[in-house]
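Attaching a predicted model along with its sequence, questions to come.
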Amino acid sequence: MFINKINRKHTFYTKLYCSSFTFQKKKKLQFKRFWKYLNINFIIITSTTFDECIANHHCVLSPVAVPSFWGLVNSAWNLCSVGKRQSPVIIETSHMIFDPFLTPLRLNTGGRKVGGTMYNTGRHVSLRLDKEHLVNISGGPMTYSHRLEEIRLHFGSEDGQGSEHLLNGQAFSGEVQLIHYNHELYTNYTEAAKSPNGLVIVSIFMKISETSNSFLNRMLNRDTITRITYKNDAYLLSGLNIEEVYPETASFITYEGSMTIPPCYETATWILMNKPIYVTRMQMHSMRLLSQNQPSQIFLSMSDNVRPVQPLNNRCIRTNINFSMQGKDCPNNRAQKLQYRGQCLCASSYDLSTRFELETKPAHDKTRSVSTAFIIYFSKTTQTPRQNNIVGHNEQVR
């Protein structure tokens, strides 16, 4: 009898303990979920003022919309947070390395005009070419030929801001990005985007002018742009001459980086053209009227659809713009002491003569070769060429 009472009492306390443990475990889990939710929304809300939050109804924005959260909300996007070769970056003209072996870009359209579908993706304006229209690019820093997959437009809410890359800390009104994939090694863009030597992205800065580029005229005229006002809207275009997008293919800046959208794969070679592409103020205004959302949702302009600049992390920025051609109008020429780090030449600030010969060390990677002699030119001045060059001779960078 006494033993039975003890057993019943033991069973009672065991159940009580188990139920208490289960309750505490559930509360702890709920508490963690609550703080996870609270932390995300607190950071988003405090990124703007309370009045803006109420007026624009974006307090409940998903963290996916905020670039600083990309690497946290999805494990597949981890590179967005921990990657060491991310894009975009600030291009400092004083730290560029002249590479005389960078040949002009070669564009092959087969002499035909192309067509494609223009989309409002909710983040940027996108033109995706039809599969039967093949546009290939080679030369420059490329070992393989790359095929054009998509054209993306980034732009700002005000003139003078909207480009993803910055030149000497200064932004342009927008940036046209032509996304190419390595069709010699990979069967499609999806495979190439996550593979070595997979992508080449040609970037052209936008500048405001009285007249605009004829290719952008087709994309941004009133009949076209009003067809893609809201997210997921699409419109077919045909008879496009891709050659009109490239203002000039001889001079450019290049570096190794990543995609500027998730999952931020570090498989992209960036080529920044030395001449801008021109748009009118009316066309910029038309783009700013595009919405990130669908018609049933609150209007939120697509402008300022840029990723913040990322650390350069000792990457080399090469160019075939020959600063030695500068004349007496550029008196502050100086060079920099070069150090060999890994497989590239990285500049550190140190005054030397404007021309010298450098003997390099052999490359560690046998699959890549480094020439044993370079004639390298530098300039500490922030100079741009006449009229419409981005960087080069006789005009100060704006």
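Structure's in. What do you need? Residues are numbered from 1 along each chain as shown.

Can you show me the helices along the stretch 101-250 of the chain?
189-193, 214-220, 222-225 (DSSP state H, counting those that start in this stretch).

for the ones you listed, which one sits closest to I271?
Across the helices of the stretch 101-250 of the chain, the minimum distance to I271, taken as C-beta to C-beta, is reached by helix 189-193, at 16.1 Å. All C-beta spots, glycine's among them, are computed from the backbone N, C-alpha and C.

With only the CA atoms kept, save that closest one in PDB.
C-alpha atoms of helix 189-193 as PDB (Å, rounded to 0.1, in the frame of the first residue of the first chain):
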ATOM      1  CA  TYR A 189      23.400  31.500 -68.000                       C
ATOM      2  CA  THR A 190      22.200  29.700 -64.800                       C
ATOM      3  CA  GLU A 191      25.100  27.300 -65.000                       C
ATOM      4  CA  ALA A 192      27.700  29.900 -65.800                       C
ATOM      5  CA  ALA A 193      26.600  32.300 -63.100                       C
END
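
okay, the helices of the stretch 101-250 of the chain in CSV with distance to V309 next?
Putting these into CSV (distance: least, C-beta to C-beta, whole Å) gives the following:
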stretch, distance to V309
helix 189-193, 21
helix 214-220, 25
helix 222-225, 28
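
mind checking which of the ones you listed is nearest M259?
helix 189-193 (6.8 Å).

List the buried residues for that closest one?
Across helix 189-193, burial judged by 16 or more other C-beta atoms under 10 Å covers 189, 192-193.

now P104, nearest residue through space, not along the chain?
Once flanking residues are discounted, P104 sits nearest to A250: 4.4 Å by C-beta to C-beta, 6 or more residues apart in numbering.

burial count for that neighbour?
14 (other C-beta atoms under 10 Å).

Please apply the same query to L185.
15.

now swap in P295 and tell me
10.

same question, the one 3 residues further on
By other C-beta under 10 Å, the residues close to I298 number 11.

same thing with the one 3 residues further on?
S301 is surrounded by 15 other residues when neighbours are defined as other C-beta under 10 Å.

Okay, and the beta partners of it?
S291 (DSSP bridges).

again, but for N182
Under the criterion used (DSSP bridges), N182 bridges to H146.

Go ahead and confirm it touches A193.
No - if you go by C-beta atoms under 8 Å, N182 and A193 don't touch, sitting 9.9 Å apart.

Can you check which residues contact both of those two?
L199 (C-beta atoms under 8 Å, 6 or more residues apart in numbering).

So, low pLDDT: which residues of the stretch 251-398 of the chain?
Residue ranges of the stretch 251-398 of the chain with pLDDT under 70: 324-388, 390-398.

can you give me the helices for it?
Along the stretch 251-398 of the chain, counting by DSSP H, counting those that start in this stretch, helices occupy 281-288.

Contact partners for V279?
For V279, the contact set (C-beta under 8 Å, 6+ apart) comprises 173-174, 206-209, 212-213, 216, 220.

among those residues, who's most crowded?
Counting neighbours by other C-beta under 10 Å, the top entry in the contacts of V279 is G174, with 29 neighbours.

Quick check: bridge partners of it?
Beta-bridge partners, per DSSP bridges, of G174: F155, M206.

coming back round to it: so which of the helices of the stretch 101-250 of the chain gets nearest Q310?
With distances scored as C-beta to C-beta, the stretch of the helices of the stretch 101-250 of the chain nearest to Q310 is helix 189-193 (17.9 Å).

and that closest one, average pLDDT?
In this model, helix 189-193 carries a mean pLDDT of 97.

Need the residues that contact that helix.
Here helix 189-193 makes contact (C-beta under 8 Å, 6+ apart) with 149-150, 179, 181-183, 185-186, 198-199, 259, 265, 267.

Is it possible to mark the buried ones in the residues you listed?
For the contacts of helix 189-193, buried by 16+ other C-beta under 10 Å: 149-150, 179, 181-183, 186, 198-199, 259, 265, 267.

Where strands are concerned, which of those residues count?
149-150, 179, 181-182, 199 (DSSP state E).

ok, back up a step: export the buried ones among the contacts of helix 189-193 to JSON lines and tack on distance to N78?
JSON lines is the format used below for the buried ones among the contacts of helix 189-193 (distance: C-beta to C-beta, whole Å):
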{"residue": "E149", "distance to N78": "24"}
{"residue": "E150", "distance to N78": "24"}
{"residue": "I179", "distance to N78": "22"}
{"residue": "Y181", "distance to N78": "22"}
{"residue": "N182", "distance to N78": "23"}
{"residue": "H183", "distance to N78": "28"}
{"residue": "Y186", "distance to N78": "22"}
{"residue": "G198", "distance to N78": "18"}
{"residue": "L199", "distance to N78": "19"}
{"residue": "M259", "distance to N78": "14"}
{"residue": "Y265", "distance to N78": "11"}
{"residue": "T267", "distance to N78": "15"}
